[in-house]
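Enquirer: pasting the sequence and the predicted model now:
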Amino acid sequence: MFKSWKYPTILLFGIGISNVSGWIYFIALNLIVLEMTQSALAVSALYIIRPLSALFTNIWSGSLIDRLNKRNLMISLDLMRSILIVLLPLNPAIGYIYLIVFFINMAESIFRPASTTYITKLIPVDQRQRFNSLNALIGSGAFLIGPAIAGMLFVIGSPISAIYINASALVLSGLITIFMPNLEKNSSDKRDNRITLAMIKEDWNIVLRFYRRHLFIMMICILFSSVMVVMPSAIDSLEVAFAKVVLGLTEGEYGILVSVSGAGIIVGASINTLIVRKVANSRMIGLGALGVSGGYLIYAFSTAFNVAAIGFFVLAFFLAFANTGFATFYQNNIPVNIMGRVSSVNSFIEAIFIMFTTVVCGIAAELFSIQIVVIVGVIIMVALGVALSTYILQPSSISTSTSDKELNQK
C-alpha cells in the first residue's frame with residue numbers, strides 16, 4: 001500500500017505547495033496592482049490576461065507537450081515561473097507588470113496539460129478516483145489556507161514579500177518533481193521538436209478526428225466546460241457587484257459569504273474522499289453538475305445574505321464531486337499520447353468562450369439590472385447542467401470509463 005502510493009503522495013504534496021502559493025500570489029498581485037494604480041479597472045484587466053495568454057499559448061502548446069518529456073517540462077516551467085515572479089516587483093510600470101503576468105500565465109497554460117498527462121501516466125487506473133478526490137481536497141484546503149497565509153504575510157511584511165515566497169514555493173515544487181519517476185526516460189528530448197504551422201495543423205486535425213470518432217466524449221467535454229468553467233467565469237465576474245448592489249452587503253459581509261463557500265468546498269471535498277470508490281464517474285459528473293447549477297440558481301434569485309449563503313454553500317459543496325468525476329473520466333478516455341494536444345485545444349476553445357461570455361455579461365449588466373443578467377446566465381447554466389446530467393446518466397453511456405465498468409461489474 002505504501003509502495004503503491006509513494007509517488008502519488010509526493011506528487012500531492014507538491015501540488016499542495018503549488019496551490020497554496022498560487023493563492024498567495026493571486027491575492028498579492030491584486031493588491032500590488034491596486035496600490036500602484038488605485039483603479040479597480042486595472043485589477044480587472046488581470047482577469048482578462050489569463051484567457052488572452054491561453055489563446056496565444058494553447059493553439060500550439062499541445063504539439064510541444066506531447067513531444068517532450070513531461071517531468072522535465074514541468075520542472076522547467078516551475079523554475080521559469082519562479083524567475084518571472086521574482087522579476088515582477090522590479091519595475092513599477094503597470095505595462096511591465098501586465099507583460100510579466102502574461103508570460104507567467106503562458107507558462108501555467110502549458111504546465112496544466114503537461115501535469116495532467118504526467119498524472120495520467122503515473123497513476124494506475126484503479127487509483128485515479130482516489131487520487132483525484134484527494135487532489136480536490138488539497139485544492140479546497142488551499143482555498144482557505146492560501147488567503148490566510150497571505151493575510152499573515154501582509155501583516156508582518158508586504159505583498160511583495162508574499163510574491164517572493166510564492167517564487168520560493170515554485171522552486172520547491174520543481175525540486176519535489178525531480179524526485180518523481182522519469183516515465184519517459186527512453187524518449188528523447190533531443191529530437192527535432194521545432195513547432196511548425198504544418199505540425200500544428202496536423203495536430204489539430206488529429207484532435208478533431210479523435211472527437212469525430214468519439215462524439216460522446218466530445219459532448220461531455222463541451223458540456224462540462226460550459227457548466228463548470230465558462231458560465232461560472234462570466235457569472236462570477238459580476239459577483240462583487242451583485243453582492244454590493246443587489247444584496248446590499250458590506251465588504252465584511254461579503255468576506256463572510258466567501259468563507260461560507262470555503263466551508264462548503266471543504267465539507268464536500270471531505271465527503272467526496274469517503275464515498276469516491278462507491279460512486280461511478282458518470283453519477284459524480286451528472287449529479288455534481290446539477291448540484292453546482294442548483295447552488296448558482298439559489299444565489300441568483302437571492303435578495304438577502306442568508307439565501308445567498310445557502311446558494312454559495314450548495315454550489316461549493318458539489319464542486320469536488322463534479323471535478324473528481326470529470327478528471328477521472330478524462331484520464332480514462334483521452335489517449336495519453338495525444339492528451340496534451342486534446343487539453344490544449346479544449347483550453348483554447350474554452351478561453352474564447354470565457355472572454356465572449358464575460359464581455360457579454362459585462363455589457364448586459366450596464367444595459368439592464370445586474371440581477372437580471374445573473375439570473376439569465378444561471379438559467380443558461382442550469383439548462384446546460386441538465387443536458388450534461390441527462391446525457392451522461394443515460395443507460396447507454398454507463399460504460400464510458402474503466403472505473404465505471406468496474407463499478408458496474410461490482
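Expert: Arrived safely. Because the structure is a prediction, the values reported are computed rather than measured.

Enquirer: so what's residue 161 up against?
Expert: By Cβ atoms under 8 Å, 6 or more residues apart in numbering, the contact list for residue 161 reads residue 153. Any C-beta I mention is one placed from the backbone N, CA and C, and that applies to glycine too.

Enquirer: and whichever strand or helix holds it, which residues are buried?
Expert: Per DSSP states H and E, residue 161 falls inside helix 159-178. The neighbour-count check on helix 159-178 (16 or more other Cβ atoms under 10 Å) flags 159, 162-167, 169-174, 176-177 as buried.

Enquirer: repeat for stretch 72-89
Expert: Across stretch 72-89, burial judged by 16+ other Cβ under 10 Å covers 72-82, 84-86, 88-89.

Enquirer: going by distance to residue 321, which of those residues wins?
Expert: Taking Cβ to Cβ as the measure, residue 321 lies nearest residue 74 of these, at 27.3 Å.

Enquirer: the host helix or strand of the closest one: what's the following helix or strand?
Expert: Under DSSP H and E, the secondary-structure element containing residue 74 is helix 70-87. The helix or strand immediately downstream of helix 70-87 is helix 94-122, counting by DSSP H and E.

Enquirer: run the chain-centre distance for that next one.
Expert: Computed by Cα atoms, centre = their mean, to the nearest Å, the chain-centroid distance of helix 94-122 equals 12 Å.

Enquirer: after it, next one along is what?
Expert: helix 128-156.

Enquirer: helices and strands around that next one, which ones?
Expert: Packed against helix 128-156 by the contact rule (3 or more Cβ pairs under 8 Å, 6 or more residues apart in numbering; DSSP states H and E) you find helix 6-37, helix 159-178, helix 251-275, helix 305-333.

Enquirer: tell me which residues in that helix are buried?
Expert: By neighbour count with 16+ other Cβ under 10 Å, helix 128-156 contains the buried residues 128-147, 149-150, 153-154.

Enquirer: what angle separates that helix from helix 159-178?
Expert: 150 degrees (axes from the mean of the first three to the mean of the last three Cα atoms, to 10 degrees).

Enquirer: ok, back up a step: and the angle from the helix holding residue 74 to helix 6-37?
Expert: With the same axes, to 10 degrees applied, the angle from helix 70-87 to helix 6-37 works out at 20 degrees.

Enquirer: how much space separates residue 346 from residue 67?
Expert: For residue 346, the distance to residue 67 equals 18 Å [Cβ to Cβ, to the nearest Å].

Enquirer: out of those two, name the residue with the larger neighbour count.
Expert: Neighbours were tallied for residue 346 and for residue 67 using other Cβ atoms under 10 Å; the higher tally belongs to residue 346 (23 against 19).

Enquirer: relative to the whole chain's centre, how far out is the helix or strand hosting the more buried one?
Expert: Assigned by DSSP H and E, residue 346 belongs to helix 339-367. Here helix 339-367 is found 13 Å from its chain centre; the criterion is Cα atoms, centre = their mean.

Enquirer: which element follows that helix toward the C-terminus?
Expert: The first helix or strand that comes after helix 339-367 along the chain, using DSSP H and E, is helix 370-393.

Enquirer: report how many residues lie close to the closest residue to residue 207 other than its chain neighbours.
Expert: Distances taken as Cβ to Cβ, 6 or more residues apart in numbering place residue 345 nearest to residue 207, at 4.7 Å, with adjacent residues excluded. Residues near residue 345, counting by other Cβ under 10 Å, number 24.

Enquirer: hmm, residue 345 is touching residue 205, no?
Expert: No. Contact between residue 345 and residue 205 fails when scored by Cβ atoms under 8 Å: they sit 10.6 Å apart.

Enquirer: do you know how far residue 295 is from residue 264?
Expert: 8 Å.

Enquirer: who touches both of the two?
Expert: 312, 313, 314, 315, 316, 317.

Enquirer: contacts only, for the first one.
Expert: The reference is to residue 312. Contact analysis of residue 312 by Cβ under 8 Å, 6+ apart lists 257, 258, 260, 261, 264, 295, 299.

Enquirer: many thanks, I have nothing further to ask.
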